[in-house]
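# Show me the folded form of this:
(2 chains)
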Amino acid sequence: DTAVSQTPKYLVTQMGNDKSIKCEQNLGHDTMYWYKQDSKKFLKIMFSYNNKELIINETVPNRFSPKSPDKAHLNLHINSLELGDSAVYFCASSPGQGKGAFFGQGTRLTVV
Amino acid sequence: SQQGEEDPQALSIQEGENATMNCSYKTSINNLQWYRQNSGRGLVHLILIRSNEREKHSGRLRVTLDTSKKSSSLLITASRAADTASYFCATDARNYGQNFVFGPGTRLSVLP
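Below is the predicted model of the structure:
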C-alpha cells in the first residue's frame, strides 16, 4: 500500500476554475503538509496540519485552502485558478518532531 | 529568504566516483535532512542528522553537519547510474516549528 497517496496525478484545467487535490496517508502520522514545486524545482511549504489544527500558513493566496476531514487526509482546494498556479504540488506527512517526512508522488497542475 | 542552499546546482560524474553535495542554511536548526527526487517522482527521505551530531552514515551515504558554519555535506560513495536524481537538503528550523524548509537542490547525473 502506498504510504502517502495523492490524486489526481495530472490535472489540466482552465483559468478561473476551482479544483481540488486529495491526499491520504496510512502511516498514522500526526502532521501533514502541502508543498509547491515550481519549474525550477524549488520546493515551498504551503500548509501544515497537526491534529486538525493549521499550524503554519506561509504567504499563500487565500484562493488556496487546506481541508482536513480527519487525521489521515489533507486535501487542497484551489479557487479561481491562475496561470501562475501551474506547478507540481506535493503532499507529505511526518510522525513528529525530529523525524523525516514521507512524500506523495505529486500532482502536476497545468492551468491553461 | 530561503533557508537552505545546495551547492553545486548540477554535478556530473562517472559511475564509481564519489559525489559530494553541500548545503548551507541561515538559522538555528533542530535537524537537517537530505532527500532524493527522481525525475517525475516524489521526494524520498535519505538521512537525518540532528543538530548535536557531526557525522552520520547510511550505506553509501555519509552526511556531515557543521553548525558553526551552518553547513552540511552529503557524500555518495561508489556512485551508480541509479543515483542520478536531484538531491535536496531540508532544515527543521527552530523558528519555523515543525516545518521542513528546502533548498533548491543539486541535480546529480551519474554517467555509465
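
# which one is the residue sitting furthest away from the middle of chain A nearest to, not counting chain neighbours?
Within chain A, the residue lying farthest from the chain centre (Cα atoms, centre = their mean) is residue A:98, at 21.2 Å. Spatial nearest neighbour of residue A:98, excluding adjacent residues (Cβ to Cβ, 6 or more residues apart in numbering or on different chains): residue B:31 at 5.9 Å. All C-beta spots, glycine's among them, are computed from the backbone N, C-alpha and C.

# what are the ranges of the strands in the chain?
Here I'm looking at chain A. A:4-7, A:10-13, A:19-25, A:31-37, A:43-50, A:53-57, A:64-67, A:75-78, A:87-94, A:102-103, A:107-111 (DSSP state E).

# you looked at the wrong chain, it should be chain B
For chain B, the strands defined by DSSP E occupy B:5-7, B:10-14, B:19-24, B:29-37, B:43-50, B:55-58, B:61-66, B:71-76, B:85-93, B:100-102, B:106-111.

# will you turn those strands into TSV that also has mean pLDDT and mean neighbour count?
Shown next, in TSV, are these (pLDDT from 0 to 100; neighbours: other Cβ atoms under 10 Å in any protein chain shown):
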stretch	mean pLDDT	mean neighbour count
strand B:5-7	76	18
strand B:10-14	95	13
strand B:19-24	94	20
strand B:29-37	93	23
strand B:43-50	94	19
strand B:55-58	96	12
strand B:61-66	98	18
strand B:71-76	96	20
strand B:85-93	89	24
strand B:100-102	81	24
strand B:106-111	95	18
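
# mind checking pLDDT for the residue farthest from the centre of chain A?
Per-residue pLDDT puts residue A:98 at 75.

# list the contacts for it?
By Cβ atoms under 8 Å, 6 or more residues apart in numbering or on different chains, residue A:98 lies in contact with B:30-31, B:48, B:50, B:92.

# number of nearby residues for residue B:60?
14 (other Cβ atoms under 10 Å in any protein chain shown).

# no no, residue A:73
For residue A:73, using other Cβ under 10 Å, the count is 15.

# Just to check, it is in contact with residue A:26?
No. When contacts are counted by Cβ atoms under 8 Å, residue A:73 is not listed as touching residue A:26 (10.5 Å).

# ok, now which ones touch the spatially most central residue of chain A?
Nearest to the geometric centre of chain A sits residue A:34, at 3.2 Å (Cα atoms, centre = their mean). By Cβ under 8 Å, 6+ apart, residue A:34 lies in contact with A:23, A:45-48, A:66, A:74, A:76, A:89-92.
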